[in-house]
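Trainee: dropping the sequence and predicted coords here.
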Amino acid sequence: MARYIFITGGVVSSLGKGLMAASLAALLQARGYKVRIRKFDPYLNVDPGTMSPYQHGEVYVTDDGAETDLDLGHYERFTGVSAHQGDNVTSGRIYQQIIAKERRGDYLGATVQVIPHVTDAIKEFALADQGDHDFILCEIGGTVGDIEGLPFMEAIRQLRNELEPLQTLSVHVTLVPYIKAAGELKTKPTQHSVRELASLGIKPDVLLCRAEHPIPDSERQKIANFCNVRKEAVIPALDAPSIYSVPLQYHAEGLDTEVLRGFGITDAPEPDLSRWYDVVDRHSNPEGEVTIGVVGKYVGLQDAYKSLNEALVHGGMAHRVKVNINWIDAEVFEQGDSDIAAQLEPMHAILVPGGFGERGSEGKIAAVRFARERNVPFLGICLGMQMACIEGARAAGFEQASSTEFGDTEHPVVGIITEWMTEEGLQTREAGGDLGGTMRLGAYDAKLAANSHVSSIYGGSTVISERHRHRYEVNSAFIDPLEKQGLIFSGMSPDGLLPEIVERPDHPWFVGVQFHPELKSKPFDPHPLFAGFIGAALEQARLV
Ligand code: GLN
């Protein structure tokens, strides 16, 4: 049976609990344990699929097509363990299931209540699919004291009673603020947060204390005394120079040792942290730099492109170079050509990322044109690939080329398709269906043309699997004219119906992909498309 680590947060939000959970999991994994991480989100949305990237950051898509919280991206990047639908649940999903059961009469006339019905459903989710995992880490979104988080806390309290005494552990993440005027670190918020948690029946075993200044021994002892934990279990979590050094930093502070001790494990193998040392070394000792222009829509909030940001950095690690990302709002390019050249000329490569809606689309198309005409390395992802096809079609003389996502058009280069085949059979999508869950989601295979640029990028592979999240497809009726114009369709769905990858053989590096390669990139295993793209940017930097 798996051991459970429950991770809660206190004092303030945005303490980086997801990164902490991912780092702890990476440390346990480095000791040879099999780990899995789950996220409980107390909000009422069924999943984050319909939430604005500005509200919630990126929607992270799993192989099995779940639209999940971006923390699952951290989990995958730090452990390499593919997340799935069962690793992220929201209050909304739990209530949806319970209400459906209630309507079917499954409760046989009983009164349906938060305790036990909601808490039982939460426990079921936590305990499902344990497989042969040694540790399952469960991160609870939000902060202790949030009204909507209460059923989750209650479920944890119950689980800690129901499972074996050494089978669960509570890690509480808090903030130890520094008051400049007094020149002191303050432990009171941590004390209050632990008291709040204790009032819900959960005694933390390990406290992870975020702080901007080192926590002196005397303060660690004070926190230990007031919060009823060992001094060694008060782990200082100082701001790290980069997210990649967090696992090493926590290990140095004794986090994994203390967690294992909490489970009564004192003879665990020492961790093999070599891959983390290598990642940190590559990241902190670059031997050059490149600047990438990302022409998108949600450029005001970096969390909206979390995985993309990470994947670009991973691509840099592959070449040991620093990647500067210049986030450019596509809308500024809709105000005349001169701006475009001024902003894009200093870029060593241009990327148009995924996105939804018409706003900024003409600016993105203009950025594609600049990259094509000036021979600047280009990567178009999802909407970015669709824009590359529209730009190619316009160059081929289809002046009205556009996407039906933006309204009716005479030349629908990108359009909605409502039926397609997979190995599981016919898949359908309603043109006017609900926004939630009407997309091509999750991992799909693509067949690569032999001797194409992409197949060499993928190390000679002819079949790849990548994750999708989109409603529209490039219209195969335009393949012929686009290929004549120079845009080659080098990757297609296995049935040959859906365009997956386009490239320009007459250009130094021009690739558009209908999927999201950034979702599968890892710091210790950079995605080949990002490694290739940064390599091309490096070439470009040498030229200019
Ligand atoms: N809006 C486009 C579609 O739905 C692209 C989506 C995306 O970039 N993820 O097809």
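Mentor: Great, that's in hand.
Trainee: checking Val171 next. Helix, strand or coil?
Mentor: Three-state assignment for Val171 (DSSP: H, G, I helix; E, B strand; the rest coil): strand.
Trainee: can you offset everything so residue one is 490?
Mentor: New numbering, starting at 490: the last item is Val660.
Trainee: how close does Asp694 sit to Ala713?
Mentor: According to CB to CB, to the nearest Å, Asp694 and Ala713 sit 12 Å apart. (Glycine included, C-beta is placed from N, CA and C.)
Trainee: and for Ser734?
Mentor: Taken as CB to CB, the span from Ser734 to Ala713 is 26 Å.
Trainee: sorry, back to before: and Asp694 and Ala713? which has more neighbours close in?
Mentor: Applying other CB atoms under 10 Å to Asp694 and Ala713 shows that Asp694 carries more neighbours, namely 21 against 16.
Trainee: skipping its backbone neighbours, what lies nearest that one in space?
Mentor: Nearest non-adjacent residue to Asp694, counting by CB to CB, 6 or more residues apart in numbering: Gly751, 4.5 Å away.
Trainee: same deal with Ala519?
Mentor: Among residues not flanking Ala519 along the chain, Pro760 sits closest, at 3.7 Å (CB to CB, 6+ apart).
Trainee: identify the residues contacting that neighbour.
Mentor: Neighbour list for Pro760: Leu516, Ala519, Arg520, His740, Asp745 [criterion: CB atoms under 8 Å, 6 or more residues apart in numbering].
Trainee: helix/strand/coil for the first one?
Mentor: I take that to be Leu516. Recorded secondary structure, Leu516: helix (three-state DSSP).
Trainee: same thing with the last one?
Mentor: Under three-state DSSP, Asp745 falls in the helix class.
Trainee: now do the contacts for it.
Mentor: So Asp745 contacts Leu513, Leu516, Leu517, Arg520, Tyr739, Pro760 (CB under 8 Å, 6+ apart).
Trainee: the stretch 740-889 of the chain: helices as residue ranges?
Mentor: For the stretch 740-889 of the chain, the helices defined by DSSP state H, counting those that start in this stretch occupy 744-751, 763-773, 795-808, 826-833, 850-862, 872-884.
Trainee: tell me the contacts of whichever residue of the stretch 590-739 of the chain sits closest to the ligand?
Mentor: Ranked by CB to the nearest ligand atom, the top residue of the stretch 590-739 of the chain for proximity to the ligand is Gly630, at 23.5 Å. Contacts for Gly630 were tallied using CB under 8 Å, 6+ apart; they are Lys528, Phe529, Asp530, Pro531, Tyr532, Asp558, Gly638.
Trainee: repeat that for Arg593.
Mentor: The contact partners of Arg593, by CB under 8 Å, 6+ apart, come to none.
Trainee: need the helices of the stretch 740-889 of the chain in CSV with distance to Val665 and mean pLDDT, can you?
Mentor: CSV is the format used below for the helices of the stretch 740-889 of the chain (distance: least, CB to CB, whole Å; pLDDT from 0 to 100):
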stretch, distance to Val665, mean pLDDT
helix 744-751, 16, 97
helix 763-773, 25, 96
helix 795-808, 26, 96
helix 826-833, 42, 80
helix 850-862, 44, 95
helix 872-884, 42, 96
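Trainee: right, I'll call it a day here.
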